[in-house]
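S.K.: Provided below are the primary sequence and the corresponding predicted coordinates.
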Amino acid sequence: MVLQYSVKHEQKLDCGGAYIKLLPKIEDQEDFNGDTKYNIMFGPDQCGSSKRVHVIFNYNDKNHLVKREIKPKTDQLTHIYTLVVRPDQSYQVLIDGEEAQAGTLSEDWDFLPPKTIKDPSASKPKDWVDAAQIPDPEDKKPEGYDDIAETITDPDASKPEDWDEELDGEWEAPQIPNPDYKGPWRPKMIPNPDYKGPWVHPEIDNPDYFEDNDIYAYDNNAAVGFELWQVLSGSILDNILVTDDESVAEKERKRLAELQAVEKASFDAAEEADRKKAEEERKAHDDHEHDLSDVEMDVDDFDLSGGDAHGDEL
């Protein structure tokens, strides 16, 4: 099964999602909403520093999110998102035809109980030594170590000339960190001869584990819908394709790739034009500021005595 569509965020999206949902048959599509049961939800999501592609499968009426991190595209161009699910229970996520993630349904989702569990009857022995190092029992504190002060009087300090002891009190030189002070004494650490390493809880086969070779299969896939939430408007969703033929999806991606190339060339040209315009405006502003700086007025050029040589008032 291949689920594929295109997403374009025309705005510089800071927070928003655009997921496609593959749905079982809906009797009345007017009732479609965020709580409507779906088989698969797939698509990019970003908000602040969190950016990921969601791949969610409904299994036994519970929604399961992929455990692997899949990074989406976050620019303002059109991108093609493709989810491939195969009968051998492998999957593949493509963005613009390039593999972004791949694996198996059983490993990358928590559909099934774990094959093994920690042995409930086992516990770490009380005499287990998991401290890798211990204080050296033969290391002794140097004589006079505790007599070293943490701070000392600043030898370079001197009483200010305007210091008034009657008003300011008796002057005391400020304290500075003592370069000879090494902190509280601690014995050096040595390898622990009794160290046994970290204790590993033994595991046993999980009695609740079972295999399911049909996780990928759904009784019916009858419709697609979108769940959208956005801070900025301007997203374009298009080129929806649901097929069981990977070659059909690949052919469609190649067709769209030609349009993407044209779009990117146009976008880059517009960005370059905006950059040049901004640069020209900035240069014009700088030139204007420079011209203003050339206009200087010297007070000596004026007679401020109340009149000029002809008796004119200023």
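M.R.: Structure received. If you're wondering where the values come from, they're calculated on a predicted model, not measured in any experiment.
S.K.: what does the strand or helix carrying T82 rub up against?
M.R.: Using DSSP states H and E, T82 sits in strand 78-85. Contacts to strand 78-85, defined as C-beta atoms under 8 Å, 6 or more residues apart in numbering, come from residues 1-8, 40, 42-44, 53, 55, 72-73, 91-97, 105, 216, 236, 238-239, 246, 249, 253, 256-257, 259-260, 263. In this view, the C-beta of every residue, glycine as well, is placed from N, C-alpha and C.
S.K.: strands paired with that strand, and their directions?
M.R.: Strand 78-85 pairs in its sheet with strand 2-9 (antiparallel), strand 90-95 (antiparallel), by DSSP bridges.
S.K.: make TSV from those and add mean pLDDT to it.
M.R.: TSV is the format used below for the strands paired with strand 78-85 (pLDDT from 0 to 100):
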stretch	mean pLDDT
strand 2-9	95
strand 90-95	97
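S.K.: and those strands: which comes nearest K159?
M.R.: Evaluated over the strands paired with strand 78-85, closeness to K159 peaks at strand 2-9, with 68.1 Å, by C-beta to C-beta.
S.K.: name the residues that touch the closest one?
M.R.: Contact with strand 2-9 is made by 16, 18, 20, 22, 40, 42-44, 74, 76-85, 232, 234-246, 248-249, 252-253, 256, as judged by C-beta under 8 Å, 6+ apart.
S.K.: chain center to the helix or strand that it is followed by, what's the gap?
M.R.: Per DSSP H and E, strand 2-9 leads on to strand 15-23 as the next helix or strand towards the C-terminus. What separates the centre of strand 15-23 from the centre of its chain is 20 Å, taken as C-alpha atoms, centre = their mean, to the nearest Å.
S.K.: now do the helix or strand following strand 15-23 against strand 2-9, angle only.
M.R.: Next helix or strand after strand 15-23 toward the C-terminus (DSSP H and E): strand 40-47. Angle, strand 40-47 to strand 2-9, by axes from the mean of the first three to the mean of the last three C-alpha atoms, to 10 degrees: 20 degrees.
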